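# what's the 3D shape of this:
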Amino acid sequence: MGKDLRILLGRNVQELRKRAGLTQAELSERVNVSPEFLSRVERCLKSPSLDTVGRIAKALGVQVQELFKEDPTPWGERDDEISELIATLGGLDAPALRQVIEVARAVVKHR
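A predicted model of the protein is given here:
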């Protein structure tokens, strides 16, 4: 894995918490930890126990492995977009497909 686990965990907890529309106080209450502790986890300063990681995942409605992914967006949330992209690209010849790949890389690079 390219990134330190503590960094992945902290960033993913914060991102998934925000996507769920929860404040740190709300999530910390659901997980039964202090808001200060959760803040330190999100800032990658503290590593929670495995039990706490499990409770965080449950409170966020995700599997534990989602908390350690490079990109915490579950694939299921992107199935429609990925299917549409595949359908759109399916009819392209190799040179056109190569151009699309180069454009996509440029877009991602400048995000």
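# continuing past the lowest-mean-pLDDT helix or strand in the chain, what's the next helix or strand?
Lowest mean confidence among the helices and strands of the chain (mean pLDDT, DSSP states H and E): helix 79-89, at a mean of 75. Remark: after helix 79-89, the chain's next helix or strand is helix 94-109, criterion DSSP states H and E.
# helices and strands around that following helix, which ones?
Contact here means 3 or more C-beta pairs under 8 Å, 6 or more residues apart in numbering; DSSP states H and E; on that basis helix 94-109 packs against no helix or strand. All C-beta atoms are positioned from the backbone trio N, CA, C, and that covers glycine.
# What is the burial count for Gln63?
Around Gln63 there are 11 other residues, counting by other C-beta atoms under 10 Å.
# Thought Val53 was touching it, still the case?
No: using C-beta atoms under 8 Å as the test, Gln63 is too far from Val53 to be in contact (11.1 Å).
# Please identify every residue contacting each of those two.
Residues touching both Gln63 and Val53 (C-beta atoms under 8 Å, 6 or more residues apart in numbering): there are none.
# And Leu9, how far from Ser34?
Leu9 is 17 Å from Ser34, where distance means C-beta to C-beta, to the nearest Å.
# pLDDT below threshold where in the chain?
Low-confidence segments of the chain (pLDDT under 70): 1-3, 72-79, 82, 111.
# switch the cut-off to 50
1-2 (pLDDT under 50).
# Please parse it into its domains.
The chain breaks down by automatic domain parsing into domains covering 5-68, 75-109.
# if we can go back for a sec, with neighbour numbers in mind, choose between Leu9 and Ser34.
Each of Leu9 and Ser34 has its neighbours counted (other C-beta under 10 Å); Leu9 has more, 22 against 13.
# quick one, what contacts the more buried one?
Neighbours of Leu9 in contact, by C-beta under 8 Å, 6+ apart: Val41, Cys44, Ser47, Pro48, Val53, Leu67, Phe68.
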